[in-house]
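# Kindly generate the corresponding structure for this input.
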Amino acid sequence: MRKVTSAVLAGAAVIAMAAQPALAATSLFFGEAGPNRGARAAALNWFAEDVATRTGGDLTFDIQWGGALFKAGAAAKSIADGVADAGTIIAVYFPQEMVAYGIADLPLKNPDPWVGMRATDDLMRTSDAIRDNLAAQNLVYIGTFTTSAVHIGCKDVTIRSVDDIDGLKVRGVGAYGKTFADLGANLVSMSIYDAYQGLDTGLIDCSQGYSYAVAALKQQEVMTSYTRLNWGQVGALGIFMNKQVYDALPEAHKTALAEAGKGMADELGRLITADNAAAVETMKAAGVEVLDLPDAERDKLVARGEAYIEEWTAQASAAGLDGAALLADYRRLIAEYTAERDEKGYPWTRD
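Residues are numbered from 1 along each chain as shown. Got it, this is the predicted structure:
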C-alpha cells in the first residue's frame, strides 16, 4: 500500500471543499438571564436584528432568555467556557474578573443613561489594558447597557436633604447604598422585586431604584415620595463574547458586531429615557410627591461616594490595571458626551 502524503490529503481537501456549496449562515447562542420584556430586552433584540441586517443574515443570534443557558451569577465563566457563544454579564457578580467594567457602577456625578453608556462603551472599546484583561479570561467586549440613574422612593417620609437620610431603613444599590449607610441609613438586604412588600409592611422606609422599575413593579402604590438624586447610575452590564468564537469570525462580522454594539447605546438610551419619563408621570398620577434633590445636597452625596471610587481604583490597580488612568479617561469621556448632548441633543432627536 502506498503512503498517502499530507500534500495529497491537502489537495483532496481543497477539491472536496470546492465541490461543496457556500458555508451556511452562522447562528450563535446567546445567554440572557433576564426575561424577554422591558427596555433592555428590546435593545438586545434590536442589537441582534441590527447584526443580522448588517451581515445580510449571515450572522444571527439565538437568544436564550430567562437563564435557560446559565444564571446571572455564572455568566462570565459560562461564556468563557463556551456554554454560550455570547451573553450578558453583570459586573457586580464578578467583582474581580470584571473590575475594569465595574467603573460604570461607581457613584460618579453621571445620571444620564445615554451619556453613561456612551462613555462606558468608548472606554471598554478603546482601552488596550481592558481588552487584554478580558482576553486573558477568553472574553471580548461587544456592547453595554445601563439600569439608568439611581433614585429613591419612600413611604411616609421624604428625603429633601442629606440630613433626612439618617435613621431610615433603606434598600440600597451597590456603592449608592453604602454611601447612604455612611450617612446614617440602616441598610436592609432586599431585592428590588421585594421592595413593594417591604415598603407596604414598613420593613423598609425607602428603596433605591430606577424610575422605570418603580412603574413596572407598581411601587408607586406604596410610595408617598420619590426623590430624584441626579447622582449616578449602575451601568456595568453588557454583552460579551467567547474570544475563540469571536476570533474565528470574518472581519466583516466583527465590524458588524462593533457597529451594532455602539448603536445599542443609542437605542436603549431612547427607550429608557422615554420609559423613565412615563414612569414619573405614573407616580405623579398616583399622588406620589416627585422632587429633585437640590444640587448642593446632591454634591454632598458625590463627595461621600468618593471613598468607594478610591476603593475601586485600588482594586483595579491590584488587578494589574492603572486604575487612576482609567478613571481619568472615564471622567473625560463623561464630560465629552455630556457636552455633545448639550450641544446637539440626543441622537434620536437630531435631524
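
# mind listing the strands in the stretch 251-351 of the chain by residue range?
Counting by DSSP state E, counting those that start in this stretch, the stretch 251-351 of the chain has these strands, from start to end: 289-292.

# Oops, could you answer that again for the chain instead?
26-31, 59-64, 86-90, 139-144, 151-154, 169-171, 186-187, 206-209, 225-228, 237-242, 289-292 (DSSP state E).

# what residues are up against the spatially closest residue to Asp322 that is not a sequence neighbour?
Once flanking residues are discounted, Asp322 sits nearest to Ala129: 6.7 Å by C-beta to C-beta, 6 or more residues apart in numbering. For glycine as for every other residue, the C-beta is placed from the backbone atoms N, C-alpha and C. Going by C-beta atoms under 8 Å, 6 or more residues apart in numbering, Ala129 touches Ala100, Leu321, Asp322, Leu326.

# can you count the residues close to the third one?
If I follow you right, that is Asp322. 14 (other C-beta atoms under 10 Å).

# so what pLDDT did it get?
According to the per-residue confidence, Asp322 scores 97 in pLDDT.

# hmm, back to that, can you say which of the strands of the chain is nearest to Ala316?
With C-beta to C-beta, the closest approach to Ala316 among the strands of the chain belongs to strand 139-144: 15.8 Å.

# send the alpha carbons of the closest one over as CSV?
Written as CSV, here are the backbone C-alpha positions of strand 139-144 (Å, rounded to 0.1, in the frame of the first residue of the first chain):
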residue,chain,number,x,y,z
LEU,A,139,-13.8,37.2,26.7
VAL,A,140,-14.4,40.1,24.2
TYR,A,141,-16.5,43.1,24.9
ILE,A,142,-19.3,43.8,22.5
GLY,A,143,-21.7,46.5,23.9
THR,A,144,-23.2,47.9,27.1
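
# List the neighbouring strands of it plus their orientation.
strand 237-242 (antiparallel) (DSSP bridges).

# ok, back up a step: out of the strands of the chain, flag the one nearest Trp348.
strand 139-144 (17.0 Å).

# just checking, Gln233 touches Phe145?
No: contact criterion C-beta atoms under 8 Å: Gln233 and Phe145 do not qualify, at 10.7 Å.

# Count the residues that sit near Tyr346.
For Tyr346, the neighbour count with other C-beta under 10 Å is 16.

# Pull the contacting residues for the residue lying closest to it once chain neighbours are set aside.
Nearest residue to Tyr346, sequence neighbours excluded (C-beta to C-beta, 6+ apart): Trp114, at 5.8 Å. Each residue near Trp114 by C-beta under 8 Å, 6+ apart is listed here: Ala265, Asp266, Gly269, Thr273, Tyr337, Arg341, Tyr346, Pro347.

# switch to 10 Å and redo it
In this structure, Trp114 makes contact with 146, 148, 265-266, 268-270, 272-273, 337-338, 340-341, 346-348, judged by C-beta atoms under 10 Å, 6 or more residues apart in numbering.

# From those, pick the one nearest Leu108.
Nearest to Leu108 out of the contacts of Trp114 is Thr338 (C-beta to C-beta; 11.5 Å).

# From Gly263, how far off is the closest one?
20 Å (C-beta to C-beta, to the nearest Å).

# Same check on Asn138?
26 Å.

# What's the local residue count around Glu32?
Applying other C-beta under 10 Å, we find 25 residues neighbouring Glu32.

# same deal with Tyr193?
9.

# Pro250 too?
So Pro250, with other C-beta under 10 Å, has 12 neighbours.

# now the angle between strand 237-242 and the longest helix anywhere in the chain, please.
In the chain, assigned by DSSP state H, the helix with the most residues is helix 251-285. Counting by axes from the mean of the first three to the mean of the last three C-alpha atoms, to 10 degrees, helix 251-285 lies at 160 degrees to strand 237-242.

# mind listing what Leu60 touches?
Let me fix one detail, which is that residue 60 is Thr and not Leu. Residues near Thr60 by C-beta under 10 Å, 6+ apart: Ala25, Thr26, Ser27, Leu28, Phe30, Ala48, Glu49, Val51, Ala52.

# Low-confidence bits of the stretch 151-300 of the chain, can you list those?
Counting by pLDDT under 70, not a single residue of the stretch 151-300 of the chain qualifies.

# how about the spatially closest residue to Thr282 that is not a sequence neighbour, what does it touch?
Among residues not flanking Thr282 along the chain, Ala215 sits closest, at 4.6 Å (C-beta to C-beta, 6+ apart). Shown in contact with Ala215 (C-beta under 10 Å, 6+ apart): Asp275, Asn276, Ala278, Ala279, Val280, Glu281, Thr282, Met283, Ala286.

# what about burial for those residues, which qualify?
Asp275, Asn276, Ala279, Val280, Thr282, Met283, Ala286 (16 or more other C-beta atoms under 10 Å).

# Leaving out sequence neighbours, find the closest residue to the third one.
Spelled out, that is Ala279. Ala215 (3.7 Å).

# That neighbour and Thr273: what is the separation?
Taken as C-beta to C-beta, the span from Ala215 to Thr273 is 14 Å.

# May I see the ChimeraX selection of the buried members of the contacts of Thr60?
Buried residues among these (16+ other C-beta under 10 Å), as a ChimeraX selection:
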select :26,28,30,48,51,52
